[in-house]
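1. Provided below for reference: sequence and predicted model.
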Amino acid sequence: SAVISQKPSRDICQRGTSLTIQCQVDSQVTMMFWYRQQPGQSLTLIATANQGSEATYESGFVIDKFPISRPNLTFSTLTVSNMSPEDSSIYLCSVVGGHGTEAFFGQGTRLTVV
Amino acid sequence: AQKVTQAQTEISVVEKEDVTLDCVYETRDTTYYLFWYKQPPSGELVFLIRRNSFDEQNEISGRYSWNFQKSTSSFNFTITASQVVDSAVYFCALYNFNKFYFGSGTKLNVKP
């Protein structure tokens, strides 16, 4: 199994500013995933972060808005840039192990933009 | 295309009632995994069960049971004798090719 530590757990930010969310895994993983969950909605994949290469973004998400770093096999960050109230969501990081036999999620970051 | 449908947006039951949460999925792949997660108000996702596409056996874990039927592309979740602590949003998800496809979730309200 994998234990994921995600921080901050919550934050209230001013519009126009940026927030960086950190995700630390207790074991080495090839791929890490970042999701957004808007209020009352399901989870939407933002991007897949691979160590040593550029993140792969899903349709509707761009690197300028959600830059991702993946400096090693246990750590990743997601930055929400130039925030607006529409960015208020829960952001979750996730890793998958064993050919999809296990999936682990961080505790989530509850972001409110005012 | 991959898709997961949870048609029940919100369900309310009284404690001790049984409740079934429906999940229908779409995929053209023969190898995939199905998951159920619970999301309490605190926001974290709690893993409940994983099933691969080759294992149609139903599973029971305490008050929880799951019915996987490939013929109808369904993976339904039943809570027996529901409790207030079961109140949460429940997500069904399909996983293959390194991606999760989540349903829209079903909010379960269990009233005392």
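-> Perfect, thanks for sending it.

2. use CA for all of it now, contacts and neighbours both
-> Fine.

3. show me the shaky parts of chain A.
-> Applying pLDDT under 70 to chain A flags the ranges A:98-101.

4. around chain B, which positions in it sit nearby?
-> A:41-45, A:90, A:96, A:100-108 (Cα under 8 Å from any Cα of the partner chain).

5. in chain B, which strand is the longest?
-> strand B:88-96 (DSSP state E).

6. who touches that strand?
-> A:42, A:100, B:2-4, B:6, B:23, B:25, B:31-41, B:100-109 (Cα atoms under 8 Å, 6 or more residues apart in numbering or on different chains).

7. buried only: go through these for me.
-> A:42, A:100, B:4, B:6, B:23, B:25, B:32-40, B:100-109 (16 or more other Cα atoms under 10 Å in any protein chain shown).

8. tell me what the residue nearest to residue B:105 when sequence neighbours are not counted is bridged to.
-> Residue nearest to residue B:105 in three dimensions, not counting chain neighbours: residue B:91, with 4.5 Å by Cα to Cα, 6 or more residues apart in numbering or on different chains. Residue B:91 forms beta bridges with residue B:37, as assigned by DSSP bridges.

9. how many neighbours does residue B:91 have?
-> 27 (other Cα atoms under 10 Å in any protein chain shown).

10. go on, residue B:20?
-> 16.

11. ok, residues contacting whichever strand or helix holds it?
-> In this assignment (DSSP states H and E), residue B:20 forms part of strand B:19-21. Identification of contacts with strand B:19-21 by Cα under 8 Å, 6+ apart yields B:6, B:8, B:13, B:76-80, B:82, B:106.

12. let me know the closest of those residues to chain A.
-> residue B:106 (9.7 Å; Cα to the nearest Cα).

13. for that closest one, report the pLDDT, please.
-> We note a pLDDT of 97 for residue B:106 in this prediction.

14. for residue B:101, give its distance to residue A:19.
-> 26 Å (Cα to Cα, to the nearest Å).

15. OK, contacts around residue 78?
-> Defaulting to chain A. Residue A:78 sits next to A:20-22, A:34, A:66-69 when contact means Cα under 8 Å, 6+ apart.

16. I was after chain B.
-> B:18-21, B:64-66.

17. ok, back up a step: tell me the strands beside the strand holding residue B:20, with direction?
-> strand B:74-79 (antiparallel).

18. quick one, which of the residues of chain A next to chain B are buried?
-> Of the members of these, the ones counted as buried by neighbours, 16+ other Cα under 10 Å, are A:42-45, A:90, A:96, A:100, A:102-108.
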